[in-house]
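1. Test case, fold it:
(chains A and B)
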Amino acid sequence: MNVRLRIRRQDRPGSAPRWEEFAVPHEAGMNVIYCLMQIQHRPVTAAGGATAPVAWESHCLEEVCGACTMLINGRVRQACSALVDQLDQPIVLEPMSKFPVVRDLMVDRGRMFQDLIRIRGWIPLQGTYDLGPGPRMASTTQEASYVLSTCMTCGCCLEACPNVNDRSTFIGPAAISQVRLFNSHPTGAMNAAERLEALMQPGGISECGNAQNCVEVCPKSIPLTDSIGQMGRDVTLHAFRKLLGS
Amino acid sequence: MVGGGLAGLMATIRLAEAGAEVSLISFVPVKRSHSVCAQGGINGAVNIKGEGDSPDKHFDDTVYGGDFLANQPPVKGMCHAAPGVIYLLDRMGVMFNRTSEGLLDFRRFGGTLYNRTAFAGATTGQQLLYALDEQVRRHEAAGLVKKYEFWECLGPILDGNGDCRGVVALNQIDMSIQAMAGDAVVLCTGGNGIIYGRSTLSTTCTGTAVSAAYQMGAVYANGEFIQVHPTAIPGADKLRLMSESARGEGGRVWVPKKQGDDRAPRSIPEAERWYFLEDKYPKYGNLVPRDIATREIFDICVNQRKGVGGQRAVYLDLTHLPRATLDRKLGGILEIYEKFVGVDPHEEPMKVFPGVHYTMGGIWVDYDQMTSIPGLFAAGECEYQYHGANRLGANSLLSCIYGGQVAAASMIRFAAGSAKRPAGRPAGTAAEVTRWTELQDRIARMDGPENPFQLWRELGEMMTDNVTVVRDNRQLKTTYDCLGDLMQRWYRIGMTDRGGWSNQTSVFTRQLWNMLELARVITLGALMRDESRGAHYKPEFPERDDARFLKTTMARWKKDGPQISYEPVDTSLIPPRKRVYTQA
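-> Purely as a prediction, here's the structure:
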């Protein structure tokens, strides 16, 4: 038995996309990554024509690094945890549409890392020499923040968000949720205002249209809409305070 | 800086703090580095539970666990620095689990009797990597760090004195090759488990950059010491870890008594199941130490061919335990199994098999983390220094961060000491760029019948069969010869991708050669070490032989295969004693 795949190919940025179909032997428990590996072994289309192996990005294959994110049957997700037996065939693979295509299923998500600079996503450490333990933290705070800190910068939430598009500079849900993470840390809170300011800039939190798609597609079940709601309130409060000069 | 995992990022931060400009080369965006796969935690004797733990006890556990093969002074340094490393990570904002007082919580791990392991849920490695990534991003914003992501280090550039003065690097997107100069270079490139085909490692962990340095004269140490974890989840694409806690909560390991029995596991009656660990080790049962469990499972599947359905798999069965107990104590790891295998482990036994997990050996470094090539440093899993013949759980994250710190300080000292060098690129830089460009062009034109991914599959299966858990000199010799055959076949590869843009096949083909070179080091080291120590087990020589082999294996590259010699181990702090875990 063969697994049928339909893959959107593109040789390089700017070149015309095309579709190719493949058939690879079925194996128990195989995932989409393994289908792509089989194509590397035998880069031949279903019609029998030789072609180049499909290019894709992947690394950990355990859904903790975020690299292998793509559209699978129209839904954005990681290819490593997409099991063939749970998918309709032909399995349709496409690169994410909200990022520039590099080749085939590889896209350039560099903007997401730049956005983490934009929101100043770090604890402003004085230095890495030994200054003893960090601040105490309640278990409840840790548990709430831990979920936020599992964000892999995979891009699913940006892909699903209608307000992230060619005509907008919206920073997207992931970075907003990271502001919440750093602002809830006892040391990070000392610079909370800087991060809120970043969310008040063009492309900031006001461009969220409340479609709530982000939280549906997040592979780590991060409460992204809660984060956006809370940061929205914090930004409003911060703006009022500024207006009142306090 | 070559590599952006924990070791690389820690060294980058320390270099930037010292005012150095850092070029950070990484296969993947650094936030996606393999360090994310570490789950359990990071060790440090903070003694939070009043057990009388101390850095010296941590030191003793680490040396003993490594079967006395590690030089002791750097291990002592690491264990004494460990509490400070954990506090530093805490200050960076790592979401470590907390006690009721809001202090860091610590848990038990293998090879120790103390609660010494700080943890952040079940994704400690990911959380640590993210914290360091954030600090590096801060230095990036300040202009001290420039990242070269989707780039690869092809090899070091050596000057007329044999000193490392930079690297030749490949942009894996546009395939351009260029030289990058540096006052000092550090490799933080991780382990080499991809040599074994499928392992618990990430796809880039081929050891390629270390192999390139080895082929240019750097000494490679203790290559034969590879850690195999007893219970990984076999997958067609990779092996994923299944935590020891599944057995701790009562999980039982078994195979059908009848070879090739293809009935569904729950329809096989109790009397027709073989609980082989419980049979052979009535006292410890399924909780025998990792190396023993690994050897037994390997023997059942590979030698006796009694794996489930003829495959390399045994059952790890939790179905006899109450669902509520499983969800409360093992929820997270059972979800991973269900997600990747698509089978509910509450209802059906899990299929597991040992998986190559960690590279104890690596590029040789001195106590300042400098390799045998002056100016070329190394830290993290790619070097050999801290774990001897076997690594204890939760020591790897620690050795990455500590090694990165030591390397950065040494690099600053080294660069200051070589300030009198003439400015500019050393002679020979252009020749190195030409050499690598010609190799890439040659690979692009290859038109033989072999497929590089098929050769890799064969390499992985052969190495897994013969150079992992149980080692036999005859098989090792055959394997070593077959590696030579694979190298011959490498020349007959045909390039299936002729494109000049993001050509992953060309990149892989070059790395495959480097894997073959390291596979030789691993195999020859194993062949020549006629004893059993830590992860290296030879039934013909079942005992540790300190008289002959309390020595570091040193491999030097020669065209026809590695030249092996031995260096004494510094055991000046803890006298070697027999390693026995059967009595606690």
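
2. Can you name the residues that contact the nearest residue to B:S33 once chain neighbours are set aside?
-> Spatially, and ignoring its direct neighbours in sequence, B:S33 is nearest to B:G5 (3.9 Å; CB to CB, 6 or more residues apart in numbering or on different chains). Bear in mind the C-beta positions are built from the backbone N, C-alpha and C, glycine included. By CB atoms under 8 Å, 6 or more residues apart in numbering or on different chains, B:G5 lies in contact with B:30, B:33-35, B:129, B:188, B:190, B:380, B:400.

3. so which of those residues comes closest to chain A?
-> B:H34 (6.7 Å; CB to the nearest CB).

4. That closest one and B:A142: what is the separation?
-> Counting by CB to CB, to the nearest Å, the separation of B:H34 from B:A142 is 27 Å.

5. more crowded one of the two?
-> Per other CB atoms under 10 Å in any protein chain shown, whichever of B:H34 and B:A142 has more neighbours is B:H34, with 29 against 9.

6. Low-confidence ranges, chain A, go.
-> Residues of chain A that meet the criterion pLDDT under 70 lie in A:246.

7. In the helix of greatest length in it, which of the residues would be classed as buried?
-> Longest helix in chain A by number of residues, with DSSP state H as the criterion: helix A:224-244. Going by neighbour count (16 or more other CB atoms under 10 Å in any protein chain shown), the buried part of helix A:224-244 is A:224-225, A:227-232, A:234-235, A:238.

8. Give me the contact list for stretch B:405-420.
-> With CB under 8 Å, 6+ apart, stretch B:405-420 has contacts from A:128, B:7, B:10-15, B:18, B:20, B:74, B:77, B:81, B:85, B:163, B:183-184, B:186, B:188, B:368-370, B:374-375, B:377-379.

9. and it, how far from the chain's centre?
-> 26 Å (CA atoms, centre = their mean, to the nearest Å).

10. At which residues are the strands of chain A located?
-> A:2-9, A:18-25, A:69-72, A:75-78, A:91-94, A:101-103, A:106-107 (DSSP state E).

11. Could you dump the ones you listed into a markdown table and include mean neighbour count and distance to B:T553?
-> Listed next are those as a markdown table, based on neighbours: other CB atoms under 10 Å in any protein chain shown; distance: least, CB to CB, whole Å:
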| stretch | mean neighbour count | distance to B:T553 |
| --- | --- | --- |
| strand A:2-9 | 19 | 44 |
| strand A:18-25 | 16 | 41 |
| strand A:69-72 | 23 | 41 |
| strand A:75-78 | 21 | 39 |
| strand A:91-94 | 20 | 45 |
| strand A:101-103 | 23 | 41 |
| strand A:106-107 | 24 | 40 |
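
12. Nearest to B:L326, out of those?
-> In terms of CB to CB, the element of those nearest to B:L326 is strand A:75-78, at 25.4 Å.

13. is chain B contacted by the longest helix of chain A?
-> No - Helix A:224-244 lies out of reach of chain B by CB under 8 Å from any CB of the partner chain, never closer than 15.1 Å.

14. what about dumping the CA coordinates of that helix to CSV?
-> Presented in CSV, the C-alpha positions along helix A:224-244 are these (Å, rounded to 0.1, in the frame of the first residue of the first chain):
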residue,chain,number,x,y,z
LEU,A,224,-2.8,33.2,23.6
THR,A,225,-6.2,35.0,23.7
ASP,A,226,-5.9,35.4,27.5
SER,A,227,-2.4,36.9,27.0
ILE,A,228,-3.7,39.3,24.4
GLY,A,229,-6.6,40.3,26.6
GLN,A,230,-4.4,40.9,29.6
MET,A,231,-1.7,42.8,27.7
GLY,A,232,-4.5,44.9,26.1
ARG,A,233,-5.7,45.9,29.6
ASP,A,234,-2.1,46.6,30.8
VAL,A,235,-1.4,48.7,27.7
THR,A,236,-4.6,50.8,28.3
LEU,A,237,-3.6,51.3,31.9
HIS,A,238,-0.1,52.2,31.0
ALA,A,239,-1.4,54.7,28.4
PHE,A,240,-3.7,56.3,31.0
ARG,A,241,-0.9,56.6,33.5
LYS,A,242,1.3,58.3,30.9
LEU,A,243,-1.5,60.7,30.1
LEU,A,244,-1.9,61.6,33.7
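
15. for it, packing partners?
-> If you count contacts as 3 or more CB pairs under 8 Å, 6 or more residues apart in numbering or on different chains; DSSP states H and E, helix A:224-244 packs onto helix A:173-183, helix A:192-200, helix A:213-217.

16. Distance from the second one to the middle of the chain?
-> Here helix A:192-200 shows a centroid-to-chain-centroid distance of 22 Å under the convention CA atoms, centre = their mean.

17. quick revisit: please pick the buried ones from the contacts of stretch B:405-420.
-> A:128, B:7, B:10-15, B:20, B:74, B:77, B:81, B:85, B:163, B:183-184, B:186, B:188, B:369-370, B:374-375, B:377-379.

18. Inside strands: which ones of those?
-> Mapping the buried ones among the contacts of stretch B:405-420 onto strands (DSSP E) picks out B:186, B:377-378.

19. Just give me the closest of those residues to chain A.
-> B:V186 (16.5 Å).

20. Just give the closest residue to B:T464, not the sequence neighbours.
-> Nearest one to B:T464, counting by CB to CB, 6+ apart, is B:Y196 at 5.1 Å.

21. If you could redo that for B:M487, that was the one I meant.
-> Per CB to CB, 6+ apart, closest to B:M487 is B:L516, 5.3 Å.

22. average model confidence for the helix or strand harbouring that neighbour?
-> Here B:L516 sits within helix B:504-528, counting by DSSP states H and E. Mean pLDDT, helix B:504-528: 98.

23. And that helix, how far out from the chain middle?
-> Counting by CA atoms, centre = their mean, helix B:504-528 comes out at 15 Å from the chain centroid.

24. what's the neighbour count on residue 174?
-> Reading this off chain A. 25.

25. look at chain B instead
-> Using other CB under 10 Å, the number of residues around B:D174 comes to 12.

26. do B:S372 as well
-> For B:S372, using other CB under 10 Å, the count is 19.

27. That one: what secondary structure?
-> Put simply, B:S372 is coil when judged by DSSP: H, G, I helix; E, B strand; the rest coil.
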